[in-house]
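[1] Sharing a sequence plus its predicted fold:
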Amino acid sequence: MDAPASEKRLEQLREKAWQEGVVPGRGVDVVGGPIPRKPGYYGEPVVKPPVWTWEIPLYFFFGGIAGMSAVIALAAILFHHVDVARAAMWLAAISGAILSPILLILDLGRPHLFLNMLRVFKHRSAMSMGAWILTAFGTCAVPGLIALELHAHQILPGTLDQLLSLAAGLFIFGSAIFGTLLATYTGVLIGATAIPAWFLHRTLLPIHFGTAGLGSAAAVLELLGYRIAALNFLGFYAAAVESALLIWLSVDRHGVADRAIHEHGSGWLIRIGEVLNGPLALILRFFGLVPLAAISFLIGALVSRFGWIAVGKVSGCDPESVFAAER
Amino acid sequence: MIGEGLHSTNQSKHSYVQDHVEVGFFTDPTVCIGCKACEVACKEWNQVPDDGFTWTGNSYDNTGHLGASTWRHVMFLEQDRAKGNQVAGPMSLDQDPFRWIFLSDVCKHCEEAGCLEACPTGSIVRTEVGSVLVQNDVCNGCGYCVVSCPFGVIDRRPSPLPDAGGAFKCTFCYDRQKSGLVPACAKVCPTESIVFGRLDDLRAKASQRVQQLQQSGYNDAQLYDPTDTSVRGIHAFFLILGEPEAYGLPPKPQVPTIYLKSAWTAAFATAIASIIATLVAFAFSS
């Protein structure tokens, strides 16, 4: 018995689909259907992609600048660059105690409940640790800045001023310690998740975020006019580390499991970001084009933060990545 | 279980919450008829808003996947494999094999729950019966549980739905259980494909059922309960035919906290390296 016309048409579609890989438009993905079967359960995501929007990558950027500015401030105080220390502390306080909390609260689904972040202390939750680190950083950076400014303007008399400089030193030391954690914990935050492209690079992420933070802090200070050799050295150091990370990322491939880093728009964001804050910043700085190198590094650091969140979205929606990472 | 009628644990009152007894769901797709009564009962009892009225084209499944407003999800799989030893109609086993599988997916209530570990507000807790519960009034919607669930269950509810902004998932009908009632989905399941009961009893029944099915020619029947991974087993486990991947279930789910050690090590190393680099930079240029 001949197959009816509809069956023949179905057969044609099936052939076309197998030859070309896709059939335009939506269709029914069933056994013997005309459309090649999607991976997993109709191609549905196995894990959930992050719900975070632009606030989070921007927070990663400013949190990194804030934290590492405090480190620069500490070193500047120790080696008598008071003007650099003051600028760095202003940077730390503005981006760490004002911009960062605002961005984080904006991203919450229920911003008015932001204080619930401090309800518990959970060392096994990177988000909880991050909330406490940011709180501790703000608690040190703001008084540190105030004490430093009062001391710099010599407002208080003799002994009080000495006490003030001691307080400034202690608070800036605290800011630097919590600052290094503020700049790096964000890598732990996304590294310790169920998203394949993130957890496969959980050792690279804190190194990348921390170093990008250090380079960005130095770059902002240079653009503010503090063109000193120490900041130039830090610029070289950060760009060199970022160049090494670019090589690491292109060698340490996991095939399908982390393809979001190498394919799609997310892959391009990562590549552009890493080239700008790695090799390009390094070359520009080598030729003495310090402001250009600083701008290149800052744009790269920002783009790659957006890139990593985009990678999470692509990777989280890709069932094959999850299967490949687990098998 | 099938055939137990009024004596089934799905139909009797209990005091598991008061007695602190661990409970679970055992879901058996071989008796599921795909009626979606569990989805409806869940939505009605828990007043879960609609999850969109879209036609997916994925067999008879227009629910899609579990999420903030989808706490039960009946999957429809069409496979070109034989139905055990069954012969339906004139078809013989070697000719055009086809089987239709329905499986009601739900939050797994993991032994080591990624969402619970990740939650920075303490909104997600472990209950007396071993289930994982989100306290809606505490959740501030940070979204970290969403990326920490290895099964992609929990999600943040978007505006303009009621209670938008918070994270939601199956509550294991904790409110019903406190009053000695069976969770709505299990209570309503007409074929007892979803069985509610003591965790230890269910595990025993489930392995019995797997054996029974394998004897009936379902060679690929297996239990989906990842006890050998860092999740250390789930409280809502499934009997599946074939590979877990076909159901969108991760083959080896891991609780993300196992990645913390290496990530924090890298973070601390970077922190120390940054401090040293900065001190060196200022020391040598001063």
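    Structure received. Keep in mind that this is a model prediction, so the values were computed, not measured.
[2] and B:Arg209, how far is that from chain A?
    For B:Arg209, the distance to chain A (CB to the nearest CB, to the nearest Å) stands at 22 Å. Every residue, glycine included, has its C-beta placed from N, CA and C.
[3] With B:Ala206 instead?
    Counting by CB to the nearest CB, the gap from B:Ala206 to chain A is 21 Å.
[4] That residue - nearest residue in space that isn't next to it in sequence?
    Spatially, and ignoring its direct neighbours in sequence, B:Ala206 is nearest to B:Phe26 (5.0 Å; CB to CB, 6 or more residues apart in numbering or on different chains).
[5] For chain A, what's the nearest residue on chain B?
    Minimum separation of chain B from chain A (CB to the nearest CB) falls at B:Gly141, amounting to 2.0 Å.
[6] Now do the same contact list for the nearest residue to that residue once chain neighbours are set aside.
    Nearest non-adjacent residue to B:Gly141, counting by CB to CB, 6+ apart: A:Gly109, 2.0 Å away. The contact partners of A:Gly109, by CB atoms under 8 Å, 6 or more residues apart in numbering or on different chains, come to A:51, B:139-143, B:156-157, B:164-167.
[7] What about those residues, which one has the most neighbours?
    Neighbour counts for these were taken using other CB atoms under 10 Å in any protein chain shown; the highest belongs to B:Cys142, with 29 neighbours.
[8] That one and A:Arg110 touch, don't they?
    No - here B:Cys142 lies out of contact with A:Arg110, judged by CB atoms under 8 Å, at a distance of 9.2 Å.
[9] and B:Gly24, that's in a strand?
    Yes - remark: B:Gly24 belongs to a strand, assigned using DSSP: H, G, I helix; E, B strand; the rest coil.
[10] For it, list each beta-bridge partner.
    B:Gly197 (DSSP bridges).
[11] neighbours of it, just the number please.
    Using other CB under 10 Å, B:Gly24 has 27 neighbouring residues.
[12] Could you say which helix or strand holds the residue of chain A found nearest chain B?
    Nearest to chain B, among the residues of chain A, is A:Gly109, at 2.0 Å (CB to the nearest CB). Using DSSP states H and E, A:Gly109 sits in no helix or strand.
[13] per the record, what domains does the chain have?
    Going with chain A. Listed by automatic domain parsing, the domain ranges of chain A are A:52-192, A:196-206+A:227-327.
[14] Can you look at chain B instead?
    When chain B is parsed with automatic domain parsing, its domains come out as B:5-254, B:255-286.
[15] closest to B:Pro49 out of the domains of chain A?
    Closest approach to B:Pro49 among these (CB to CB): domain A:52-192, 14.9 Å.
[16] Ramachandran angles for the residue of chain A closest to chain B?
    Main-chain dihedrals, A:Gly109, degrees, to the nearest 10: phi -70, psi -30.
[17] Give me the local confidence score for it.
    On the pLDDT scale, A:Gly109 is placed at 94.
[18] How about A:His112?
    In the prediction, the pLDDT value recorded for A:His112 is 93.
[19] now swap in A:Gly158 and tell me
    Note for A:Gly158: predicted pLDDT of 81.
[20] mind listing what it touches?
    Contacts of A:Gly158 by CB under 8 Å, 6+ apart: none found.
[21] Can you check which helix is longest in chain B?
    helix B:260-285 (DSSP state H).
[22] If you count contacts, what does that one end up packed against?
    In this structure, helix B:260-285 packs against helix A:55-78, helix A:158-191, helix A:204-223, helix A:229-251, with contacts taken as 3 or more CB pairs under 8 Å, 6 or more residues apart in numbering or on different chains; DSSP states H and E.
[23] ok, stretch A:43-56 near chain B or not?
    Yes - applying CB under 8 Å from any CB of the partner chain, one finds that stretch A:43-56 is in contact with chain B at A:44-52.
[24] out of the helices and strands packed on helix B:260-285, which comes closest to A:Phe323?
    With CB to CB as the criterion, A:Phe323 lies closest to helix A:158-191 of the helices and strands packed on helix B:260-285, at 20.2 Å.
[25] okay, the angle between that closest one and helix B:260-285?
    140 degrees (axes from the mean of the first three to the mean of the last three CA atoms, to 10 degrees).
[26] Next, the buried residues of helix A:158-191.
    Burial within helix A:158-191, assessed by neighbour count using 16 or more other CB atoms under 10 Å in any protein chain shown, is assigned to A:164-165, A:167-169, A:171-191.
[27] ok, now stretch B:47-65?
    Buried, per 16+ other CB under 10 Å, within stretch B:47-65: B:48, B:51, B:56-59, B:61, B:63-65.
[28] quick one: low-confidence ranges for the chain?
    As the question left the chain open, I've gone with chain A. For chain A, the stretches with pLDDT under 70 are A:1-7, A:9-10, A:13, A:17, A:21-36.
[29] hmm, I had chain B in mind actually
    Residue ranges of chain B with pLDDT under 70: B:1-3, B:86-96.
[30] Strands of that one, residue ranges please.
    B:23-27, B:72-79, B:99-106, B:124-126, B:132-134, B:155-156, B:167-168, B:194-198, B:221-224, B:236-241 (DSSP state E).
[31] Could you check the fifth one against chain A for contacts?
    No - contact between strand B:132-134 and chain A, assessed by CB under 8 Å from any CB, is absent, since the two come no nearer than 12.2 Å.
[32] centre of the chain versus that strand, how much separation?
    Relative to its chain's centre, strand B:132-134 lies at 12 Å (CA atoms, centre = their mean, to the nearest Å).
[33] on that earlier part again, shouldn't the residue of chain B closest to chain A be in contact with A:Leu108?
    Yes - between B:Gly141 and A:Leu108 there is a contact under CB under 8 Å: 5.0 Å.
[34] The contacts of A:Gly109 in helices, which ones?
    Per DSSP H, the contacts of A:Gly109 never map to helices.
[35] you'd agree A:Gly210 is up against A:Thr180?
    Yes - taking CB under 8 Å as the definition, A:Gly210 is a contact partner of A:Thr180 at 7.0 Å.
[36] what is in contact with the two at once?
    With CB under 8 Å, 6+ apart applied, the overlap between the contact sets of A:Gly210 and A:Thr180 consists of A:68, B:270-271, B:274.
[37] Which of these ranks first by neighbour count?
    Within the shared contacts of A:Gly210 and A:Thr180, A:Met68 tops the neighbour count with 35 neighbours, counted by other CB under 10 Å.
[38] list the contacts for that one?
    Going by CB under 8 Å, 6+ apart, A:Met68 touches A:179-180, A:183, A:210, A:213-214, A:216-218, B:274, B:278.
[39] Make JSON lines from those residues and add distance to A:Glu274 to it.
    JSON lines is the format used below for the contacts of A:Met68 (distance: CB to CB, whole Å):
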{"residue": "A:Gly179", "distance to A:Glu274": "24"}
{"residue": "A:Thr180", "distance to A:Glu274": "22"}
{"residue": "A:Ala183", "distance to A:Glu274": "17"}
{"residue": "A:Gly210", "distance to A:Glu274": "15"}
{"residue": "A:Gly213", "distance to A:Glu274": "15"}
{"residue": "A:Leu214", "distance to A:Glu274": "16"}
{"residue": "A:Ser216", "distance to A:Glu274": "14"}
{"residue": "A:Ala217", "distance to A:Glu274": "19"}
{"residue": "A:Ala218", "distance to A:Glu274": "18"}
{"residue": "B:Ser274", "distance to A:Glu274": "19"}
{"residue": "B:Thr278", "distance to A:Glu274": "22"}
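[40] and which of these is nearest B:Pro251?
    The closest of the contacts of A:Met68, once distances to B:Pro251 are taken by CB to CB, is A:Gly210, at 33.6 Å.
[41] Okay, the closest one and A:Ala70: tell me how far apart.
    Distance, A:Gly210 to A:Ala70, using CB to CB, to the nearest Å: 13 Å.
[42] Neighbour count for the two, which is higher?
    Per other CB under 10 Å, whichever of A:Gly210 and A:Ala70 has more neighbours is A:Ala70, with 34 against 31.
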